[in-house]
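>>> Structure for this input, please:
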Amino acid sequence: MTESTQKPRARRGRIFPERTLSPEELAKRKAEREAFHKRCRAIFEHVRPDLIDKHYGWYIAVEPDSGEFFIDKDIEVAHAKSIKKYPNARHCVFCLNETGATGRI
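Below is the predicted model of the structure:
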């Protein structure tokens, strides 16, 4: 009778364990993202009532440090306008509708 040999079990784990972030660092980054989004959302909510009638369904890229925003029918063009003016700054893109959501489920 032949004996079956066991295959070695695959070792599961991170590919680069030295690059694992601590829970404190993850929480700090999440808080920074949320604060950034709140600043962008405040500007969006301020200008939305003025723009929603003429530009419903268009996209608006908001740069919160300057308070400037760029609108266009195409999301890529609005994004490009923001990058052209502020190449090293972060920005957030919203859709000019009731919720500001840009995608579909």
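>>> got the residue ranges for the helices in the protein?
With DSSP state H, the ranges of helices along the chain come out as 23-51, 75-85.
>>> how about the ones you listed in a markdown table, adding mean pLDDT and mean neighbour count?
C-beta here means a position set from N, CA and C on the backbone, and glycine is covered the same way. As requested, the helices of the chain are exported to a markdown table (pLDDT from 0 to 100; neighbours: other Cβ atoms under 10 Å):
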| stretch | mean pLDDT | mean neighbour count |
| --- | --- | --- |
| helix 23-51 | 94 | 12 |
| helix 75-85 | 94 | 16 |
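>>> Export those to a markdown table and append columns for distance to Thr5.
A markdown table is the format used below for the helices of the chain (distance: least, Cβ to Cβ, whole Å):
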| stretch | distance to Thr5 |
| --- | --- |
| helix 23-51 | 41 |
| helix 75-85 | 56 |
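>>> Ok, which of these comes nearest Ile15?
helix 23-51 (18.0 Å; Cβ to Cβ).
>>> Can you work out which other helices and strands pack against the closest one?
Counting contacts by 3 or more Cβ pairs under 8 Å, 6 or more residues apart in numbering; DSSP states H and E, helix 23-51 packs against strand 59-63, strand 68-72, strand 92-95.
>>> Packed most tightly, which of those strands would that be?
When the helices and strands packed on helix 23-51 are scored by mean count of other Cβ atoms under 10 Å, the highest mean neighbour count falls to strand 59-63 (a mean of 23).
>>> quick one: strands adjacent to it?
Applying DSSP bridges, strand 59-63 is found paired with strand 68-72 (antiparallel), strand 92-95 (antiparallel).
>>> With only the CA atoms kept, save that strand in PDB.
Extracted C-alpha coordinates of strand 59-63, given in PDB (Å, rounded to 0.1, in the frame of the first residue of the first chain):
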ATOM      1  CA  TYR A  59     -18.700  67.400 -12.300                       C
ATOM      2  CA  ILE A  60     -17.000  69.800 -10.000                       C
ATOM      3  CA  ALA A  61     -13.400  69.400  -8.800                       C
ATOM      4  CA  VAL A  62     -12.800  71.300  -5.500                       C
ATOM      5  CA  GLU A  63      -9.400  72.400  -4.200                       C
END
